[in-house]
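K.L.:
Sharing a model that was predicted from the sequence below.
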Amino acid sequence: MVNTKVTLSGWELDNPIIPASGTFGYGKEFAELWDINMLGSFSFKGTTREARFGNPTPRIAECSAGMINAVGLQNPGIQHVVEHELPEMKKFFHKKVVANISGFSLEEYVDCCRIMDKEDQVGIIEVNVSCPNVHGGGMAFGTSPESAAQVTRAVKEVTQKPVYIKLSPNVTDIVSVAKACEEAGADGLSLINTLLGMRIDLKKKKPVIANKMGGFSGPAIFPVALRMVFQVAQAVNIPIIGMGGVATAEDVIEMMLAGATAVQIGAQNLVDPYVCPKIIAELPSVMEKYGIQSLTDIIGGAWK
Amino acid sequence: MRFIVKENRWLTKDVLLMRLMGDTRSIVRPGQFVQIALPGFYLRRPISVCDWESGEEGSLTLIYKVVGHGTEAMSLMEEGTELDLLMGLGNGFDIQADEMQTVENPLLVGGGVGVPPMYGLCKRLVEMGKKPTMVMGFGKENEIFWKAEFEALGVRTIVTTIDGSVGVKGFVTDAMKQMPGEYDGVMCCGPEPMLKAVYDLCQPENIPGWYSFEERMACGFGVCMGCSCQTKYGSKRICKDGPVLRGEEIVW
């Protein structure tokens, strides 16, 4: 029997598989298809203080081995999430959840974390400072070590829950941003968010996406994500949730060898709603194939 | 869900019919759609259901237009090809709902590849004892498809062409203007300007309408929020809360 358990800041997960924010809603659409309690956990749709419709459509474009989205943090607002989504979620998901929150000001990040701190269902707060699809917030906080540290410090003051900062790959040096977050008190890091990209419609000779640019995700970005996890994990002493283009059990193991403690699955959920149960089912045999007894043992195994 | 292509043939120079076999039991209403995984393409392709026979080894009829590389690849698929489909997606036309039950003489309006979903709807309305009329709009004569199939249901079928080569010259609304008082509800699928024109004609008469929309989407089952639209009752996902919206809730 192989051991798939991993631990994030004292929270033991049955396995490292966590659907990524924005690809799993608040869980109910998937719970209709399979028992989502088999997951390690899941990260719910990025939530802001106020309800948001997001960007104009079209918001989706296809790419080779991936896609671009420019949804722009559409969500019903944190009060609605706390009053409706979380109680609803409790009916079909009996584990703790990763609360993904975002903001357009330091105060908004603080308010969202203060509210999530009171929720027993929340295991980790994942603070998104890397959304490429909104202006005057989101990624703006994640592109400099100083502002990322500022958000980290501010939210840590209002919550006892572990805070994981979700980092952007759209920076010159992700290691310096990661280190700044660690120094400011982050309990862990999630990386990577989507890569800024675009497509042009040849018939219209205009960008496919109404917002022109969007976040590129899917298997095409896996090597970039893996490289960044590999670099960051060696530079910090806090756990990392690795993500970006993960689509198979083999990808999960690569991510962990690069230094991830847990792994999020994003875009692949949108094209194959059964990908997470497939990965969870395949993980033990893939571990055996590569002579892995316990997943915890392989974290950062590729460093030297 | 695994499906096998049984037939894939051209109906016009850019529209094809694909018939597949597989478990169709999750399709419950006309106007729903399927998401087809195509080898070599990342996103699935959403295609509306033209008709289906429910069963574990049921049959599914799709009519689609070649608009890009994905549908071009579909057009080359041969009999026996295996495809992975997600289905029973979207709300479809809720023909059992009280509001729709009260419509005795529904007018079905389809424009171009908006015509196919109206066929599955038409067939079921006929089975329910309703007296639908079908209006199908095309650009010109050689673009017309599926007219005989509607007629075979015993349904009055009116064709419009923009160039006047067949039937009523002009748009679907030009045909509708010639038949005032002959319908007490409208169900419609086609390009958005067409939906809007139909709505503008029906609204002053208080004729209830159900309008099926299109939007670029990723997942097709309500989680990515890629296809959201704003309605008078808040935001809705075209793939999950739609594609069929009630006339009164639409923000044009």
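P.N.:
Done, it's in. This structure is a prediction, so every number in the text was calculated from the model and none was measured.
K.L.:
what does the stretch 1-150 of chain A have sitting close to chain B?
P.N.:
A:22-25, A:29-30, A:45, A:53-54, A:57-67, A:69, A:71, A:74 (CB under 8 Å from any CB of the partner chain). Where you see a C-beta, it was placed from the backbone N, CA and C, and this is true even at glycine.
K.L.:
In strands, which of those residues appear?
P.N.:
Secondary structure assignment by DSSP state E places A:Ile60, A:Ala61, A:Glu62, A:Cys63, A:Gly66, A:Met67, A:Asn69 of the residues of the stretch 1-150 of chain A next to chain B in strands.
K.L.:
Can you flag the buried ones in the residues of the stretch 1-150 of chain A next to chain B?
P.N.:
A:22-25, A:29-30, A:45, A:53-54, A:57-63, A:65-67, A:69, A:71, A:74 (16 or more other CB atoms under 10 Å in any protein chain shown).
K.L.:
What number of neighbouring residues does B:Val34 come out with?
P.N.:
27 (other CB atoms under 10 Å in any protein chain shown).
K.L.:
Is chain A within reach of the host helix or strand of it?
P.N.:
Using DSSP states H and E, B:Val34 sits in strand B:33-37. Yes: under the criterion of CB under 8 Å from any CB, strand B:33-37 makes contact with chain A via B:Ala37.
K.L.:
and that strand, what other elements does it pack with?
P.N.:
Packing partners of strand B:33-37 (3 or more CB pairs under 8 Å, 6 or more residues apart in numbering or on different chains; DSSP states H and E): strand B:45-53, strand B:82-89.
K.L.:
how about the shortest one: buried residues?
P.N.:
If you call a residue buried by 16+ other CB under 10 Å, then strand B:82-89 has these buried ones: B:Leu83, B:Asp84, B:Leu85, B:Leu86, B:Met87, B:Gly88, B:Leu89.
K.L.:
How about that strand and chain A, touching?
P.N.:
Yes: Strand B:82-89 is in contact with chain A by CB under 8 Å from any CB, via B:Leu86.
K.L.:
after that strand, next one along is what?
P.N.:
Heading towards the C-terminus - elements assigned by DSSP H and E - strand B:82-89 is followed by helix B:98-101.
K.L.:
Which helix or strand lies directly C-terminal to that following helix?
P.N.:
Past helix B:98-101, further along toward the C-terminus, the next helix or strand under DSSP H and E is strand B:106-111.
K.L.:
Could you pull up the residues touching A:Pro277?
P.N.:
Counting by CB atoms under 8 Å, 6 or more residues apart in numbering or on different chains, A:Pro277 touches A:Trp34, A:Met38.
K.L.:
And the contacts of stretch B:233-251?
P.N.:
Under the criterion CB under 8 Å, 6+ apart, residues A:29, A:53, A:74, B:31, B:33, B:46, B:48, B:89-94, B:199, B:202-203, B:208-215, B:217, B:219-222, B:225, B:227-232 lie in contact with stretch B:233-251.
K.L.:
among the residues you listed, which ones are buried?
P.N.:
A:29, A:53, A:74, B:31, B:33, B:46, B:48, B:89-94, B:199, B:202, B:208-215, B:217, B:219-222, B:225, B:227-229, B:231.
K.L.:
what about B:Ala73, which SS state?
P.N.:
Here B:Ala73 takes the helix state, with states given by DSSP: H, G, I helix; E, B strand; the rest coil.
K.L.:
Please produce a markdown table containing the helices and strands packed on strand B:33-37, extended by distance to A:Ser176 and mean pLDDT.
P.N.:
Supplementary listing: these in a markdown table, determined by distance: least, CB to CB, whole Å; pLDDT from 0 to 100:
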| stretch | distance to A:Ser176 | mean pLDDT |
| --- | --- | --- |
| strand B:45-53 | 42 | 97 |
| strand B:82-89 | 42 | 97 |
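K.L.:
would you list those strands in CSV and tack on distance to B:Glu149?
P.N.:
Compiled in CSV, the helices and strands packed on strand B:33-37 are given as follows (distance: least, CB to CB, whole Å):
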stretch, distance to B:Glu149
strand B:45-53, 9
strand B:82-89, 22
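K.L.:
Compare those and report which one is nearest to B:Met176.
P.N.:
Nearest of those to B:Met176, taken as CB to CB: strand B:45-53 at 21.9 Å.
K.L.:
Residues contacting the closest one, please?
P.N.:
Surrounding strand B:45-53, the residues in contact under the criterion CB under 8 Å, 6+ apart are B:17, B:24, B:27, B:30-36, B:38, B:58-64, B:70-71, B:74, B:87, B:89, B:113, B:116-117, B:119-120, B:123, B:146, B:189, B:212, B:217, B:220, B:239, B:243.
K.L.:
Just give the strands next to the helix or strand just after that strand in its sheet, each with its orientation.
P.N.:
Downstream of strand B:45-53, the next assigned helix or strand under DSSP H and E is strand B:58-65. For strand B:58-65, the paired strands and their directions (DSSP bridges) are strand B:15-22 (antiparallel), strand B:45-53 (antiparallel).
K.L.:
Can you say which of these is packed in most?
P.N.:
When neighbours are counted by mean count of other CB atoms under 10 Å in any protein chain shown, the highest per-stretch mean among these falls to strand B:45-53, a mean of 22.
K.L.:
for that one, the distance to its chain's centre please.
P.N.:
8 Å (CA atoms, centre = their mean, to the nearest Å).
K.L.:
Now do it and strand B:82-89, the angle between them.
P.N.:
Orientation note: strand B:45-53 sits at an angle of 80 degrees relative to strand B:82-89 (axes from the mean of the first three to the mean of the last three CA atoms, to 10 degrees).
K.L.:
Just give me the neighbour total for B:Gly181.
P.N.:
If we define neighbours as other CB under 10 Å, then B:Gly181 has 8 of them.
K.L.:
how near is it to B:Ser75?
P.N.:
Distance from B:Gly181 to B:Ser75, counting by CB to CB, to the nearest Å: 42 Å.
K.L.:
Equivalent analysis for A:Gly197, please.
P.N.:
For A:Gly197, the distance to B:Ser75 equals 28 Å [CB to CB].
K.L.:
Neighbour count: those two, which is higher?
P.N.:
In terms of neighbours (other CB under 10 Å), A:Gly197 is the more surrounded of A:Gly197 and B:Ser75; the figures are 21 against 17.
K.L.:
Centroid-nearest residue for chain B?
P.N.:
Of all residues in chain B, the one closest to the mean position by CA atoms, centre = their mean is B:Pro117, 2.7 Å from it.
K.L.:
now that one, nearest residue through space, not along the chain?
P.N.:
Beyond its immediate neighbours in the sequence, the residue positioned closest to B:Pro117 (CB to CB, 6 or more residues apart in numbering or on different chains) is B:Ser48, lying 4.2 Å away.
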